[in-house]
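*Asks:* Sequence plus predicted model, see below.
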Amino acid sequence: MTDSRPHPHPMVASYFRELEVLLGGLAPAERADVVAGVREHLHGSLGTAPSEAGVRSALARLGPPEAIADEAYAAVPGSTPTLDGRAGGQASGRRWSSRPFVPVVVGLIAFALLGIAGLLASFNGHPVEFLLLPVWFSGPLLVMVVLVTTTELWQGSEKRRLLLTVGVGYLVCAAVSATPPLLARSAAVLVVGLAAVLVGRLVVMAYRRATAQGAVSTR
Amino acid sequence: MVPGGELILTHLRRGAMEYCVLALLESRPAYGLDIARRLGADGILMAGEGTLYPLLARLRKAGLVETTWQESTAGPPRRYYALTGLGRSALATFRSTWPAFRDAVDAALDHEERPS
């Protein structure tokens, strides 16, 4: 349908990204209903060639995504707003895959794998060891992949970036392992450090989204 | 802490906004942007236009409104919201309840104001 077409303006795109994450606790059909309504509204109020100021004022008139989410959760049983803003039950409708533990677990597994790969590279591990490590580590790896693919805390591109970073980091560790010890050690530190920063940023981002969602549903 | 005007409005809107939307649809169906512009003009009934959509989704889920797609002269087809029979009777019930509620609140506030 035409109204599901993403609007190209970056401010609009980020508005909808935030809205979809905040509405993660609703039933999929209801969430789609709300998002489609807001999208159609914005298309209607922006016209075909919106100016920067036009986009800004249209978004301001819509109000923050948090306000829309508040309204959406106001009617969800178990998330009744309470005066102290807490006791109303942590939005029973919220999915487990969008809870804060998800990015934490994914981060721990990714760091563990990269850390072991880095150590192995520093001590010039044999290629066979790099082949066997993922097999030995297959349980946690499977958990990580399942969590990353099912969670709504990351967008498709962010999920790909996360898995790609872990995968490439691992392969580079395997490659530098064959180089002289000093080079292998410094390259491994560099690669693992870089991958850890990239993964860490994505983990923090998802954790913030998950906790923001919790705050909205209980407010 | 004393709740501010905006917070009081947020609470007051919660029981009444649904029926304002139903009343607006009573004479003829309307699309989202149109409803938002007509109800949100004064900033009293709605803080942000976006909050209309969770409410419309709720009304639709409850069977009080139904939606149809209609071609628009300016752009893609629009989703029109129309009152159902159930919506009509919900609105009638609210209409008969509201004046008594409004008068009771007014009377209570008025009483507070006057030293007796």
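*Replies:* That came through fine.
*Asks:* Going by C-alpha atoms from here, please, whenever you check contacts or count neighbours.
*Replies:* Noted.
*Asks:* can you give me the offset of the strand or helix carrying residue A:167 from its chain's centre?
*Replies:* In the assignment (DSSP states H and E), residue A:167 maps to helix A:156-176. The chain centroid and the centroid of helix A:156-176 are separated by 16 Å under CA atoms, centre = their mean, to the nearest Å.
*Asks:* ok, then the element right after it?
*Replies:* Going down the chain from helix A:156-176, the next helix or strand is helix A:181-218, by DSSP H and E.
*Asks:* Tell me the buried residues in the helix holding residue A:167?
*Replies:* Neighbour-count burial for helix A:156-176 flags A:159, A:162-163, A:165-167, A:169-170, A:172-176 (criterion: 16 or more other CA atoms under 10 Å in any protein chain shown).
*Asks:* Dump it to PDB, keeping only the CA atoms.
*Replies:* Output in PDB follows, covering the C-alpha atoms of helix A:156-176 (Å, rounded to 0.1, in the frame of the first residue of the first chain):
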ATOM      1  CA  GLY A 156      17.500  -4.600   9.900                       C
ATOM      2  CA  SER A 157      20.600  -2.600   8.900                       C
ATOM      3  CA  GLU A 158      21.800  -2.500  12.600                       C
ATOM      4  CA  LYS A 159      21.400  -6.200  12.900                       C
ATOM      5  CA  ARG A 160      23.400  -6.900   9.800                       C
ATOM      6  CA  ARG A 161      26.100  -4.500  11.000                       C
ATOM      7  CA  LEU A 162      26.300  -6.200  14.400                       C
ATOM      8  CA  LEU A 163      26.600  -9.800  13.000                       C
ATOM      9  CA  LEU A 164      29.000  -8.600  10.300                       C
ATOM     10  CA  THR A 165      31.200  -6.900  12.800                       C
ATOM     11  CA  VAL A 166      31.500 -10.100  14.900                       C
ATOM     12  CA  GLY A 167      32.000 -12.300  11.800                       C
ATOM     13  CA  VAL A 168      34.600 -10.100  10.200                       C
ATOM     14  CA  GLY A 169      36.400  -9.500  13.500                       C
ATOM     15  CA  TYR A 170      36.600 -13.200  14.000                       C
ATOM     16  CA  LEU A 171      37.900 -13.900  10.500                       C
ATOM     17  CA  VAL A 172      40.600 -11.100  10.700                       C
ATOM     18  CA  CYS A 173      41.700 -12.600  14.000                       C
ATOM     19  CA  ALA A 174      42.100 -16.000  12.300                       C
ATOM     20  CA  ALA A 175      44.000 -14.400   9.400                       C
ATOM     21  CA  VAL A 176      46.500 -12.400  11.600                       C
END
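*Asks:* thinking again about what came up before, now render the buried residues of helix A:156-176 as a markdown table, adding distance to residue B:2 and pLDDT.
*Replies:* Compiled in a markdown table, those are given as follows (distance: CA to CA, whole Å; pLDDT from 0 to 100):
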| residue | distance to residue B:2 | pLDDT |
| --- | --- | --- |
| A:159 | 44 | 89 |
| A:162 | 46 | 93 |
| A:163 | 49 | 93 |
| A:165 | 50 | 94 |
| A:166 | 51 | 93 |
| A:167 | 54 | 93 |
| A:169 | 54 | 93 |
| A:170 | 56 | 93 |
| A:172 | 60 | 92 |
| A:173 | 59 | 91 |
| A:174 | 62 | 91 |
| A:175 | 64 | 91 |
| A:176 | 64 | 90 |
